[in-house]
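> structure of the sequence below:
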Amino acid sequence: MATTGTPDENWTPDGLAGHLREASLARVVSRADGDGLAAAAILGRALAARNIPRHLSLSPTVADATTRLSESSTAVTLGFPVGEHVCDAEAAALCAYAVARELGTDPDPGLAIAGAVAADIEPHGPALDAARERGLTNRAGLAIPTTDPAVGLAHTGLVHADFSGSVEAASDFLAPLDLPAELEADANERLASAVALAATDTARPDRATRAIEAAIAPRSSPTDFETVEGYADVLNASAAMAPGRALAALLGTPELATLRTLWEQYGTALHRAVDDLAPSAGPVAMGTVEAIPPRDVARLGRDFQVDADRLYVAGPGAITLATSEVDARERLEIEFPSEAITGTDRLATVQTETDLETVLTEVEPTR
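Numbers count the residues shown, from 1 in each chain. The predicted structure is shown next:
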């Protein structure tokens, strides 16, 4: 049975590659988010190229990953600090890229750097160098995965405004801009400026202004998706919507249409949930979502929709807290052990079936 590891040579890309070369069956357990999805796909492709039998899976929690690891002694974890053979770098996708190279394959650098961006990690190292060689450049415009700005604005998970969630509403927003069919630098700059103005016209423009930076001035992607940041958005959405289906779509001959469909479905559900968040007169707001995980609802709600300093969103088996201050994890730790909490000090999630009102009674007794 795999146990929590300690740093050793197996944690380096060459050590992990050596471990996998000897496997009769390689079990890869990756975190179920955009970065983990990219990492599993990169390593899965490399194992297939080397004809190494493999079993790939995505896990939402450390506990689930630990259970899966117990089923095999030849296992690698991506994005989880558990197991004897851990690829627990800042970005799992960048680590998987390095392991795939050590296996003697030619992994996709565009997928690797998109995975890093999905994890809020600035791309670096060999994957970034390879992506630049394949055409990665900075450009003006929106961080969307498609050349159609209406579709991009309607479904992007990076910004929320009146045009979000509806291609028709996005088209109406774009009409006065009179954009050409082929967007050149000037048109992209006008588009980005218009979106930034619309998205920051909120009760808390300071938060919206900070958040909108992720949605503009992207990098062109050396893949079939338009931008690196847009590809990262697709990975995060696909992992949240249907992780197993998304992973299958990235293996073998990538089925990009499947990923785009998942991204559109997720974007529609996400923006509907953000629109449904009720305003709050005090420092604490709360909401509930049923169809999708709560993380992105809380993030967009905090940045673009609600005025409260702290937004709690309950979803299927999880609660996410999005805060203006850097105290999200600290507050959840009042009720839950730190090891059960994932995310950052401004956006933290705990996997729990506990009722949100019960949690708020402990965490926000004076709300």
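> residues near residue 61, how many?
Using other C-beta atoms under 10 Å, residue 61 has 18 other residues around it. Placement of C-beta: from N, CA and C, glycine included.
> can you check residue 179 too?
Counted with other C-beta under 10 Å, residue 179 comes out at 17.
> apart from its neighbours in sequence, what residue is nearest it?
Sequence neighbours aside, residue 187 is the residue nearest to residue 179 in space, at 5.2 Å (criterion: C-beta to C-beta, 6 or more residues apart in numbering).
> helices or strands up against the helix or strand where the one you found lies?
For residue 187, the enclosing helix or strand under DSSP states H and E is helix 185-199. In terms of contacts (3 or more C-beta pairs under 8 Å, 6 or more residues apart in numbering; DSSP states H and E), helix 185-199 is packed against helix 167-174, helix 205-212.
> would you list the ones you listed in CSV and tack on mean neighbour count and distance to residue 49?
Converted to CSV, these look like this (neighbours: other C-beta atoms under 10 Å; distance: least, C-beta to C-beta, whole Å):
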stretch, mean neighbour count, distance to residue 49
helix 167-174, 17, 38
helix 205-212, 17, 39
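> now render those as JSON lines, adding mean pLDDT.
Shown next, in JSON lines, are the helices and strands packed on helix 185-199 (pLDDT from 0 to 100):
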{"stretch": "helix 167-174", "mean pLDDT": "98"}
{"stretch": "helix 205-212", "mean pLDDT": "96"}
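> follow-up on the earlier one: then the helix holding residue 187 to CSV, C-alphas only?
What follows is helix 185-199, C-alpha atoms only, in CSV (Å, rounded to 0.1, in the frame of the first residue of the first chain):
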residue,chain,number,x,y,z
ALA,A,185,-4.3,44.4,-32.7
ASP,A,186,-6.4,47.5,-32.7
ALA,A,187,-9.7,45.7,-32.7
ASN,A,188,-8.5,43.4,-29.9
GLU,A,189,-7.5,46.3,-27.8
ARG,A,190,-10.9,48.0,-28.3
LEU,A,191,-12.6,44.7,-27.4
ALA,A,192,-10.5,44.3,-24.2
SER,A,193,-11.1,47.9,-23.1
ALA,A,194,-14.9,47.6,-23.6
VAL,A,195,-15.0,44.3,-21.6
ALA,A,196,-12.9,45.8,-18.8
LEU,A,197,-15.2,48.8,-18.5
ALA,A,198,-18.3,46.8,-18.5
ALA,A,199,-17.0,44.2,-16.0
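> that one to helix 205-212, inter-axis angle?
140 degrees (axes from the mean of the first three to the mean of the last three C-alpha atoms, to 10 degrees).
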